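J.: Return atomic coordinates for the entry below.
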Amino acid sequence: MNEPRFGTAGLADSYTVKKFDPAAIAAYTAGFGLTAFEYQCGRGVRLAHDKARALGEACAARGIALSVHAPYYISMSSLEEDKRLHSIDYLLQSCALVKALGGKRVVFHSGSCGKQSREEALEKALDTMERAVKACDEAGYGDCILCPETMGKVNQLGTLDEVLALCGVDERITPCIDFGHLYARSLGTQFAEGTAAADYAALLDTLQAGLGDERAKQFHAHFSRIAYTKGGEKCHLTFADTEYGPPHAPLLALLKERGLTPTIICESAGTQAEDAAELAKTYAML
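T.: Prediction:
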């Protein structure tokens, strides 16, 4: 692709088919002009691989690229080694699924700081990340792309610098930049309306300096408006909820200006298909 892909995290409320129907999911997604779909495994990797292959084939026929969001309970920074090792297993399960879907990218949350310092938490996460890469290679998933996500709560591991540190473990690891999360963890100061263009530019500059390769051009991203409290992220909103940010137009203008081609997954609360279509429309009109 010579332009960004836009898609959804799961299915929006306007999707009304009750049974698992790969053709219907692909048609619904394509009907909004979208070219990406992120299958949600937040509560566990449960989709049978034969169903995954059927969904992958239906989406491929319509030019829709698939990714997987790994279970939320992954904790690469846990004080308990058992939890860190189980986290590797959950990543392997997610890789197996994304391959069945015909995709490559697995997005995951790296954990929280808990009762340890950020430095100690990151040290544990880096060790777990190295073990995960080795486990993926040994399991035959060396072509999968692990995508640590920037996080929205202040105590979570997932600042931009922490995510880039995890990406430094292996050249295949690609960041998932959740712009709403960064906005929320900054309590609305990063990507605020008045400074959004400059803040987005600074982030893209940091990606280029920190990665210096195709990952900085083809990074993964999540986008939604997010409400926050003093601890950071409170809840995801829709594009109609304009009390909170971040705004999307300044980011899209920079992507076009710089020729960047990320995959941008919309995580709006129930209107992700409609809002992803708005992202695609805004980009096309620039």
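J.: surely Phe179 meets Ala221?
T.: Yes: assessed by Cβ atoms under 8 Å, Phe179 is found in contact with Ala221 at 6.7 Å. Every residue, glycine included, has its C-beta placed from N, CA and C.
J.: Give me the contact list for the strand or helix carrying Lys134.
T.: Secondary structure from DSSP states H and E places Lys134 in helix 118-138. Outside helix 118-138, the residues within contact range by Cβ atoms under 8 Å, 6 or more residues apart in numbering are 76-79, 84-85, 87-88, 91-92, 95, 110-114, 116, 142, 144, 146, 148, 157, 162, 165-166, 169-170, 172-173.
J.: one more time with 7 Å
T.: Contact with helix 118-138 is made by 76-77, 84, 87-88, 91-92, 95, 110-111, 113, 142, 144, 146, 157, 162, 165-166, 169-170, as judged by Cβ atoms under 7 Å, 6 or more residues apart in numbering.
J.: Just the buried ones among those residues, please.
T.: 76-77, 84, 87-88, 91-92, 95, 110-111, 113, 144, 146, 157, 162, 165-166, 169-170 (16 or more other Cβ atoms under 10 Å).
J.: Sitting in helices, which of those residues do you find?
T.: Within the buried ones among the contacts of helix 118-138, residues falling in helices by DSSP state H are Arg84, Ser87, Ile88, Leu91, Leu92, Cys95, Glu162, Ala165, Leu166.
J.: now those residues as CSV including distance to Lys104 and pLDDT?
T.: Rendered in CSV, the data for these read as follows (distance: Cβ to Cβ, whole Å; pLDDT from 0 to 100):
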residue, distance to Lys104, pLDDT
Arg84, 24, 97
Ser87, 20, 98
Ile88, 18, 98
Leu91, 13, 98
Leu92, 15, 98
Cys95, 9, 98
Glu162, 23, 98
Ala165, 22, 98
Leu166, 17, 98
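J.: Specify the local secondary structure of Glu233.
T.: Under DSSP: H, G, I helix; E, B strand; the rest coil, Glu233 falls in the strand class.
J.: correct me, but it touches Ala184?
T.: Yes: under the criterion of Cβ atoms under 7 Å, Glu233 makes contact with Ala184 at 4.1 Å.
J.: More neighbours: the two, which one.
T.: Ala184 (31 against 20; other Cβ atoms under 10 Å).
J.: how close does His69 get to Lys18?
T.: Per Cβ to Cβ, to the nearest Å, His69 is found 22 Å from Lys18.
J.: Which one's more surrounded, these two?
T.: More crowded of His69 and Lys18, by other Cβ under 10 Å: His69, with 25 against 6.
J.: residues in contact with that one?
T.: Contacts of His69 by Cβ under 7 Å, 6+ apart are Ala9, Glu38, Gln40, Cys41, Gly42, Val107.
J.: Kindly report the same for Ser14.
T.: Ala273, Glu274.
J.: secondary structure class for it?
T.: For Ser14, the assignment made with three-state DSSP gives coil.
J.: picking that back up, quick one: which of the contacts of His69 sit in strands?
T.: Ala9, Glu38, Gln40, Val107 (DSSP state E).
J.: Tell me what the first one is bridged to.
T.: Partner residues in beta bridges with Ala9: Glu38, with DSSP bridges as the criterion.
J.: quick one: contacts of stretch 196-208?
T.: Contacts of stretch 196-208 (Cβ under 7 Å, 6+ apart): Leu160, Gln190, Phe191, Ala216, Phe219, Pro246, Pro247, Pro250, Leu251, Leu254, Arg258.
J.: count of residues packed around the fifth one?
T.: Other residues within reach of Phe219, judged by other Cβ under 10 Å, total 21.
J.: and it, backbone torsions?
T.: The phi/psi pair for Phe219 (degrees, to the nearest 10) reads phi -60, psi 170.
J.: isn't it right next to Pro262, touching?
T.: Yes: with contact defined as Cβ under 7 Å, Phe219 counts as touching Pro262 (4.7 Å).
J.: Spatially nearest residue to Leu237 (excluding sequence neighbours)?
T.: Arg225 (4.2 Å; Cβ to Cβ, 6 or more residues apart in numbering).
J.: starting at the chain centroid, how far to the helix or strand containing Asp205?
T.: Following DSSP H and E, the helix or strand that holds Asp205 is helix 196-211. With Cα atoms, centre = their mean, to the nearest Å as the basis, helix 196-211 stands 17 Å off its chain's centre.
J.: go on, stretch 214-232?
T.: Centroid separation for stretch 214-232 versus its chain: 8 Å, with Cα atoms, centre = their mean.
J.: what pLDDT, on average, does it get?
T.: Taken as a whole, stretch 214-232 has a mean pLDDT of 97.
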